[in-house]
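*Asks:* Just need the structure, nothing else, for what follows:
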Amino acid sequence: MSTYPVYRPRGGVSRLLGWADDFTSWFLFGHETWLVALLKGVPLFLFTYFVLFYVPNYVYYLVTVEIPFLRFSEDFGFLIANGVGSANLALLVVLALLVQAARGRRGIGWSAIRIFVLLNFLGTVLLLIPLMAFNLAGGSFWPPRFPLQAVGFGIIVSGLGAAACVYLYFEFRRITRRDAEESAQRSATLARR
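*Replies:* Next comes the predicted model:
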């Protein structure tokens, strides 16, 4: 990742996408403190856990219990759930390979991969982890159960996710400002020689 980004048009959407691409490049491949590593690692683990275990479990209950015209046997539902879990694992491996291939490359396709990762991170931190916390505290969307402690716990976890995103933004600004100052000093030193 370069401290000095390539030229981009000055339109609002282009600037937002350019900033998101630069931020995600730093987020995925740049300098990090232990706290940044923790804020990246925990959501990654929980996202992987959700995709590999929650989603197949939801599919299992849909095809064996909830959808009235299906109601497959438990064994057949288990096979379907394992197929979904295996497909999800394959998709995660492909996504990981694409993210590593996008390292340091410019272009709309590579930027789209990085921005997808950023949107995925935001969705995980702001929606998926609060949903899991809501379920953990006894809440459920189907059948509908919304106890006060589950709703409150989900909101608290969502607020913590938003605070983590704000911290990452300020850490990105601090690191890139420091890199820009070091580059300017190096350039000034080279210019004097």
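
*Asks:* the strands in the chain, which residues?
*Replies:* In the chain, no strands are defined using DSSP state E.

*Asks:* Taking the centroid of it, which residue is nearest it?
*Replies:* Among the residues of the chain, the one closest to the centroid is Phe121, at 1.6 Å (C-alpha atoms, centre = their mean).

*Asks:* which one is that residue nearest to, not counting chain neighbours?
*Replies:* Nearest residue to Phe121 in three dimensions, chain neighbours excluded: Pro43, at 6.2 Å (C-beta to C-beta, 6 or more residues apart in numbering). The C-beta positions use only the backbone N, C-alpha and C, and glycine is treated the same way.

*Asks:* That neighbour contacts Thr124, correct?
*Replies:* Yes: contact criterion C-beta atoms under 8 Å: Pro43 and Thr124 qualify, at 4.7 Å.

*Asks:* Check which helices and strands the longest helix along the chain is in contact with.
*Replies:* Longest helix in the chain, counting residues (DSSP state H): helix 148-192. Applying 3 or more C-beta pairs under 8 Å, 6 or more residues apart in numbering; DSSP states H and E, one finds that helix 148-192 contacts helix 12-29, helix 34-49, helix 129-136.

*Asks:* Would you mind finding the most buried of these?
*Replies:* Comparing these by mean neighbour count (mean count of other C-beta atoms under 10 Å), helix 129-136 comes out on top with a mean of 19.

*Asks:* what is the rounded mean pLDDT of that one?
*Replies:* The pLDDT scores in helix 129-136 average 96.

*Asks:* Work out the gap between that helix and the centre of the chain.
*Replies:* Distance of helix 129-136 from the chain centroid (C-alpha atoms, centre = their mean, to the nearest Å) equals 16 Å.
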